[in-house]
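In: From the sequence below, what's the structure:
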Amino acid sequence: MDLGIIGAGTMGSGIAQVCAMAGHQVVMFDVNGDALNKALTIIESNLDNGIARGKVSEEQKFATLKNITTSPYLDEVKVDLIIEAVVERLDVKIDLFNKLAAVNSESTILAGNSSSIPITQISAKVQNPERVDRIHFFNPAHIMKLVEVVSGAHTSEEVAKTAYDFVNQIGKVPIMAKDAPGFIVNRVARHYYVEGLKVLEERVADHETIDDLLQSSGFKMGPFRLMDLIGVETNFSVTESMYNLFYQDEKFRPSRIQKQKVDAGHHGRKTGQGFYTYE
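Out: Okay, the predicted model is just below:
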């Protein structure tokens with residue numbers, strides 16, 4: 001199966017790596033040529049780390065990189081399955097899928113990787129909505145096993161099954177989820193971030209103490225270290241989206257502290273500064 005990955009950021013590069021490692025030919029698209037070059041560098045670094053840990057062979061690295069091509073031109077993404085990894089905005093995703101639909105066949109599956117936006121809101125505005133589905137990876141995509149497969153009101157059973165089988169084939173663990181804001185994981189996990197930020201806003205404790213407390217309770221990462229890993233701006237965008245999708249329910253209220261980080265460009269590890277400072 002030939003694949004198209006739209007967006008060469010953290011999620012896009014990770015998804016491209018996973019699919020290429022499973023033997024698929026992948027076209028990775030981004031309007032920013034520097035982002036494409038950076039994505040290839042990150043993928044190669046991930047593979048080198050895998051080799052150092054004995055998880056990947058030199059042959060696998062060579063085959064994976066050979067399976068990936070890049071393009072800054074959307075009309076060159078003519079494939080069987082497309083997975084988007086772009087900004088968390090409904091209008092952007094609808095516009096993107098319609099442009100991709102125009103240059104692909106009616107059988108090409110259009111899969112979103114949105115963390116919160118219901119897939120039905122996208123498919124309702126896209127040509128041949130029965131081929132629109134969601135294949136939602138988690139960061140870092142080349143490590144995290146779980147993938148949510150979400151069908152909207154228009155998605156055909158055949159497309160849903162193809163998406164589920166595809167996730168199995170690339171070595172991930174698929175779960176079927178209903179089309180609701182946040183689906184399963186982000187609906188449950190949102191309060192891990194939101195409540196941590198509220199504790200910080202109320203000056204009950206600083207972010208290091210909150211992180212240390214939760215890690216000592218058994219979590220692998222506290223909410224602030226995890227937000228820095230995911231991307232502070234990405235995490236904020238998802239919270240903002242869910243807040244609006246739940247009609248401004250107070251329990252999903254975005255944090256002013258997090259918004260200030262976003263405005264300052266302190267997006268976490270990838271910028272060298274988030275709630276923590278990185279070399």
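In: ok but Asp95 is inside a helix, no?
Out: Yes. According to DSSP: H, G, I helix; E, B strand; the rest coil, the state of Asp95 is that of a helix.
In: The protein: strands as residue ranges?
Out: Listed from the start of the chain, the chain has strands (DSSP state E) covering 2-6, 25-29, 68-71, 81-84, 109-112, 132-136, 146-151, 173-177.
In: May I see these organised as JSON lines, with distance to Glu59, mean pLDDT and mean neighbour count added?
Out: In short, each C-beta sits where N, CA and C put it, glycine included. Shown next, in JSON lines, are the strands of the chain (distance: least, CB to CB, whole Å; pLDDT from 0 to 100; neighbours: other CB atoms under 10 Å):
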{"stretch": "strand 2-6", "distance to Glu59": "21", "mean pLDDT": "97", "mean neighbour count": "25"}
{"stretch": "strand 25-29", "distance to Glu59": "17", "mean pLDDT": "98", "mean neighbour count": "23"}
{"stretch": "strand 68-71", "distance to Glu59": "16", "mean pLDDT": "97", "mean neighbour count": "18"}
{"stretch": "strand 81-84", "distance to Glu59": "25", "mean pLDDT": "98", "mean neighbour count": "26"}
{"stretch": "strand 109-112", "distance to Glu59": "29", "mean pLDDT": "96", "mean neighbour count": "27"}
{"stretch": "strand 132-136", "distance to Glu59": "27", "mean pLDDT": "96", "mean neighbour count": "27"}
{"stretch": "strand 146-151", "distance to Glu59": "26", "mean pLDDT": "96", "mean neighbour count": "22"}
{"stretch": "strand 173-177", "distance to Glu59": "26", "mean pLDDT": "96", "mean neighbour count": "15"}
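In: Make a markdown table out of those and add distance to Glu279.
Out: Shown next, in a markdown table, are the strands of the chain (distance: least, CB to CB, whole Å):
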| stretch | distance to Glu279 |
| --- | --- |
| strand 2-6 | 29 |
| strand 25-29 | 28 |
| strand 68-71 | 28 |
| strand 81-84 | 32 |
| strand 109-112 | 34 |
| strand 132-136 | 31 |
| strand 146-151 | 30 |
| strand 173-177 | 34 |
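In: Relative to Gly222, which of those is closest?
Out: Using CB to CB as the measure, strand 146-151 is the one of the strands of the chain that comes nearest Gly222, at 20.1 Å.
In: Neighbouring strands - and their directions - for the closest one?
Out: Here the strand partners of strand 146-151, with direction, are listed using DSSP bridges: strand 132-136 (antiparallel), strand 173-177 (parallel).
In: could I get those strands as JSON lines with distance to Ser115?
Out: Formatted as JSON lines, the entries for those read as follows, by distance: least, CB to CB, whole Å:
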{"stretch": "strand 132-136", "distance to Ser115": "7"}
{"stretch": "strand 173-177", "distance to Ser115": "12"}
